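*Asks:* could you work out the structure for the sequence below:
(one chain, ligands or ions: 1)
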Amino acid sequence: MSEGFPIEPANRLKRLPPYMFGELNRLKLEKRQQGIDVIDFGMGNPDQPSVQVAVDKLQEVINDPKTHRYSASKGIPQLLKAVSDRYKRQYDVHLEPSKEVIATIGSKEGISHLSLALLGPGDSAIIPSPSFPIHVWSVVLAGSNVITVPMSNKMDHFLQDLAHIVENLWPKPKVMFLNFPHNPTTTVTTLEFFEEIVQFAKKNEIIVIHDFAYADITFGDYKAPSFLQAKGAKDVGVEFTSMSKSFNMAGWRCGFCAGNEKIINYLATIKGYYDYGIFTPIQVASIMALRSNDEEMANVALQYEMRRDILVDGLGKCGWHFDRPQATMFVWAPIPEKFRSMGSFDFSKLLLEKAEVLVSPGVGFGETGENFVRMSLVENPDRIRQAARQIGKTLNLL
Ligand SMILES: Cc1ncc(COP(=O)(O)O)c(C=O)c1O
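*Replies:* Presented below is the predicted three-dimensional model:
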């Protein structure tokens, strides 16, 4: 065999840390290969079927060969209009479809490319911690610096921390990421908070990127506000929404960015170089889903609300108590006192090995997540009950 030469990745890849969830996923697969039925609360990957109108429309449209060609990178005009109509209907926000909305290949792709379009070496971005990993890694991959601000469910604390960090930094951060309802902590917010953020962003000239992936997964009387409802929001930022969670369409890869015309244009420019848009039948099917009525949407959220109650009550019966989240498809649970010193990674490993339940260690979302684990509500009610029993047995045994 001939000797090769060292094949190295670019430095930007070397800046990425090892994948935190890799070892736990490997252990899960090992167990499944041994025939052990691991209950998987790991990834936030919806298990329910996509909304039926989208499935039906996709099957119809795919028969038309015209839809098999490259699509429009920005999204087809009717889809952009459907997004704009939905913003009007749900939030009374006016968006100019051709200028203030763009389709993305899932919001993860959009966020990644927007970081690349806005940030470069020497720039920095503020990111609440813990966070959905791509917020951090998109900034790192763009060659920029990450400045973390501790996530807090007390919004005035969060604003004070933010003000303190920005006052003491030079050069000033260029971008700020927000995500409410928040993954992983499930923290929710108010429109008043967003109004303060707009004032803060204007004063400090910081661009706001709001990730609104869990817009529709809210429980009880709580309704999540859109960042774009805040007065002047379009002057300072954009908001990402997604078909993945609201419509159980995670595998379809369709999301949106809406708001400030200039920022949308920067994203359109970079995407124009990188991609040819989402497969047209998926875009057409997404239009049907976006037009679906609020009852269908409420049903998606209701499933998660029921599962949340089963998990929180089930673990509560075993002596593991914590607050019920008001939104998202997750439970963010503080590790019981007795096990806290193990750290979230070893605690998750313990649950996988002894209880045969996979959870995500909080540290995988940033160091501030260390005392927590995240559980995704992506198993059916019976399996959630079973998981709570198995976890209870494990924790009480030791
Ligand atoms: C906060 C947040 N943003 C974005 C995404 C990615 O969504 P999409 O499927 O639209 O890329 C997720 C997925 O889990 C998420 O939790």
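*Asks:* could you point out the longest helix of the protein?
*Replies:* In the chain, taking DSSP state H as the definition, the longest helix is helix 294-317.
*Asks:* now do the SS call for the spatially most central residue of the chain.
*Replies:* Against the mean C-alpha coordinate of the chain, by C-alpha atoms, centre = their mean, the closest residue is residue 213 at 5.2 Å. Secondary structure assignment for residue 213 (DSSP: H, G, I helix; E, B strand; the rest coil): coil.
*Asks:* that one contacts residue 244, correct?
*Replies:* Yes - because the distance of 6.9 Å satisfies C-beta atoms under 8 Å, residue 213 is recorded as touching residue 244. In short, each C-beta sits where N, CA and C put it, glycine included.
*Asks:* which residues do the two both contact?
*Replies:* Taking C-beta atoms under 8 Å, 6 or more residues apart in numbering as the contact rule, the neighbours common to residue 213 and residue 244 are residue 107.
*Asks:* got the residues of the stretch 1-150 of the chain near the ligand?
*Replies:* For the stretch 1-150 of the chain, the residues found near the ligand under the criterion C-beta under 6 Å from any ligand atom are 44, 106-108, 132.
*Asks:* and the stretch 151-300 of the chain, by the same measure?
*Replies:* Counting by C-beta under 6 Å from any ligand atom, the residues of the stretch 151-300 of the chain that sit close to the ligand are 179, 183, 211, 213, 242, 244, 250, 255.
*Asks:* just the ones of the residues you listed in strands?
*Replies:* Secondary structure defined by DSSP state E assigns 211, 242, 255 of those to strands.
*Asks:* before we move on, back to that, show me what the longest helix of the chain is packed against.
*Replies:* helix 243-246, strand 330-334, helix 381-397 (3 or more C-beta pairs under 8 Å, 6 or more residues apart in numbering; DSSP states H and E).
*Asks:* reformat the ones you listed as TSV; add mean pLDDT and mean neighbour count.
*Replies:* Written out in TSV, the entries for the helices and strands packed on helix 294-317 read as follows (pLDDT from 0 to 100; neighbours: other C-beta atoms under 10 Å):
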stretch	mean pLDDT	mean neighbour count
helix 243-246	96	24
strand 330-334	97	22
helix 381-397	93	17
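*Asks:* and stretch 171-181, average pLDDT?
*Replies:* Regarding stretch 171-181, the rounded mean pLDDT is 96.
*Asks:* just the mean pLDDT for stretch 275-283, thanks.
*Replies:* Here stretch 275-283 scores 97 as its mean pLDDT.
*Asks:* roughly how far is that stretch from the heart of the chain?
*Replies:* In this view, stretch 275-283 has its centroid 21 Å away from the chain centroid, taken as C-alpha atoms, centre = their mean, to the nearest Å.
*Asks:* any chance you could map the strands in the stretch 1-150 of the chain?
*Replies:* 39-40, 101-104, 124-129, 145-150 (DSSP state E, counting those that start in this stretch).
*Asks:* other SSEs contacting the third one?
*Replies:* This means strand 124-129. Packed against strand 124-129, as judged by 3+ C-beta pairs under 8 Å, 6+ apart, are the following elements: helix 133-141, strand 145-150, helix 155-167, strand 175-178.
*Asks:* mean pLDDT lowest for which of those?
*Replies:* Per-segment mean pLDDT for the helices and strands packed on strand 124-129 reaches its minimum on helix 155-167, at a mean of 89.
*Asks:* just want the angle from that helix to strand 124-129.
*Replies:* Compare the direction of helix 155-167 with that of strand 124-129 by axes from the mean of the first three to the mean of the last three C-alpha atoms, to 10 degrees and you get 150 degrees.
*Asks:* in stretch 19-29, what's buried?
*Replies:* 20-21, 24, 27-28 (16 or more other C-beta atoms under 10 Å).
*Asks:* from the residues you listed, which single one is nearest residue 37?
*Replies:* Using C-beta to C-beta, the shortest approach to residue 37 within the buried residues of stretch 19-29 belongs to residue 28, at 10.9 Å.
*Asks:* spit out the contact partners of the closest one.
*Replies:* With contacts defined as C-beta under 8 Å, 6+ apart, the neighbours of residue 28 are 38, 40, 42, 352, 358.
*Asks:* adding distance to residue 123, write the residues you listed out as CSV.
*Replies:* What follows is these, written out as CSV (distance: C-beta to C-beta, whole Å):
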residue, distance to residue 123
38, 42
40, 38
42, 33
352, 39
358, 37
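*Asks:* and those residues, which is closest to the ligand?
*Replies:* Using C-beta to the nearest ligand atom, residue 42 comes nearest to the ligand of the contacts of residue 28, at 11.5 Å.
*Asks:* partners of the closest residue to the closest one other than its chain neighbours in the sheet?
*Replies:* Counting by C-beta to C-beta, 6 or more residues apart in numbering, the nearest residue to residue 42 once its immediate chain neighbours are dropped is residue 358, at 4.5 Å. According to DSSP bridges, the residues that bridge with residue 358 are residue 40.
*Asks:* ok, residue 358 touching residue 23?
*Replies:* No - shown here, residue 358 and residue 23 do not form a contact pair, counting by C-beta under 8 Å, at 11.5 Å.
*Asks:* strand 330-334 and the longest helix of the chain, what's the angle between them?
*Replies:* Using the same axes, to 10 degrees: helix 294-317 against strand 330-334 is 20 degrees.
*Asks:* report the buried residues of helix 294-317.
*Replies:* Taking 16+ other C-beta under 10 Å as the basis for neighbour counts, the residues of helix 294-317 that come out buried are 297, 300-301, 303-305, 307-308, 310-312, 314-315.
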